[in-house]
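[1] Quick one: sequence plus predicted model below, questions after.
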Amino acid sequence: MSFNGAFVIAPPVKAVVRQEYGPFEIDAALKRIMHSSTLHFEPHQGDHVRSSELCATCHTLYTHALDERGAETGTLPEQMPYQEWLHSNFARTRSCQSCHMPVVTEPVQVSRVLGEPRTGVARHTFVAANFFMQRMLNAHRDELSVEAPAGELAAATARTRDYLRSSAATLEITNVASGRGKLEIALHVRNLGGHKLPTAFPSRSRVAAYSRHRRG
C-alpha cells in the first residue's frame, strides 16, 4: 500500500495483454470477448478492489513542509480519512466501499454480452460529503471548464446532501437551560461514519471550533 497517489500500475503480462481487476470471477469466454473488443485488456478477479487499502492510496495525503529557503523540513498530514477509519471501530465492521459504494439489493447483470445477474454489485456513486465543491463546480462551470453535465452535478449534490442527512451523524438535544440572559443547549452528536467530524482535512476542526467560539 502506498500514499499520495503513488500507486503502481502493473505492466502488461504480454505485449497485448493488460490485466484489469474487478470483484467477480470471469469465465474464459468473457475474458476473450473483453480482450478482443479492447485489443489489450483482460478482466480478472481481484479481492483488493473490495479493500479499504485500495482507497487509502489516493485518499491519504502528506504534504511536504518547507522552510523560508524552500528546503524540506518534514511532512504535514493534510488529508487522513483512511487513518481516521483505521483507528475507529468501523475498521472491524465496515469498509470504505460499504459506505461510499452502496450495494444493490437485487441481482444485477454486470456486462451486456453474456452477462449473468450477480449479487453484491456496488454502485459507483462514490458519495461523500463535499456538496459545496459540487455546487461551486456547477455554478462556475464555464470559468472552470467543467465538462460534467449540469444535471448530473446537481443530482450528485442532492445525493451528497441526502447521504449527510441519513448516514453522517445524528444530533440530539439533551438539555436546554436559560438564565442570566443566556440560552444554553446541550447536544449529543453520534458519529455514524468511520471518520472524524469534520473529516479528512485537519484544519477543518480548528475552523469549526473557531466558528463555535465566535457564535457563542
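    Sure thing, it's come through.
[2] so where is this structure shaky, pLDDT-wise?
    By pLDDT under 70, the weakly predicted segments of the chain are 201-216.
[3] now do 80
    1, 110-115, 197-198, 200-216 (pLDDT under 80).
[4] Walking through the protein, point out its strands one by one.
    18-22, 41-45, 61-66, 72-79, 108-109, 117-118, 169-179, 182-191 (DSSP state E).
[5] Which strands or helices does the last one pack on?
    Counting contacts by 3 or more C-beta pairs under 8 Å, 6 or more residues apart in numbering; DSSP states H and E, strand 182-191 is packed against strand 169-179. C-betas here are computed from N, CA, C, even on glycine.
[6] one step back: in CSV, list the strands of the chain along with mean neighbour count.
    What follows is the strands of the chain, written out as CSV (neighbours: other C-beta atoms under 10 Å):
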stretch, mean neighbour count
strand 18-22, 15
strand 41-45, 15
strand 61-66, 13
strand 72-79, 12
strand 108-109, 13
strand 117-118, 12
strand 169-179, 9
strand 182-191, 10
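[7] With distance to residue 124 added, can I get the ones you listed in JSON lines?
    Converted to JSON lines, these look like this (distance: least, C-beta to C-beta, whole Å):
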{"stretch": "strand 18-22", "distance to residue 124": "11"}
{"stretch": "strand 41-45", "distance to residue 124": "16"}
{"stretch": "strand 61-66", "distance to residue 124": "22"}
{"stretch": "strand 72-79", "distance to residue 124": "22"}
{"stretch": "strand 108-109", "distance to residue 124": "12"}
{"stretch": "strand 117-118", "distance to residue 124": "15"}
{"stretch": "strand 169-179", "distance to residue 124": "25"}
{"stretch": "strand 182-191", "distance to residue 124": "26"}
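[8] Nearest to residue 92, out of those?
    strand 182-191 (15.3 Å; C-beta to C-beta).
[9] separation between residue 177 and residue 18?
    Residue 177 sits 65 Å away from residue 18, taking C-beta to C-beta, to the nearest Å as the criterion.
[10] same question but for residue 185, I mixed them up
    Distance from residue 185 to residue 18, by C-beta to C-beta: 58 Å.
[11] likewise residue 67?
    Distance from residue 67 to residue 18, by C-beta to C-beta: 43 Å.
[12] next one: residue 133
    Taken as C-beta to C-beta, the span from residue 133 to residue 18 is 33 Å.
[13] quick one: contacts for the residue nearest to residue 77 when sequence neighbours are not counted?
    Leaving out its chain neighbours, the residue that sits closest to residue 77 by C-beta to C-beta, 6 or more residues apart in numbering is residue 62, at 6.0 Å. By C-beta atoms under 8 Å, 6 or more residues apart in numbering, the residues touching residue 62 are 3, 4, 75, 76, 77, 78.
[14] Just flag the most distant two among those.
    So, these by C-beta to C-beta: farthest apart are 3 and 76, at 12.7 Å.
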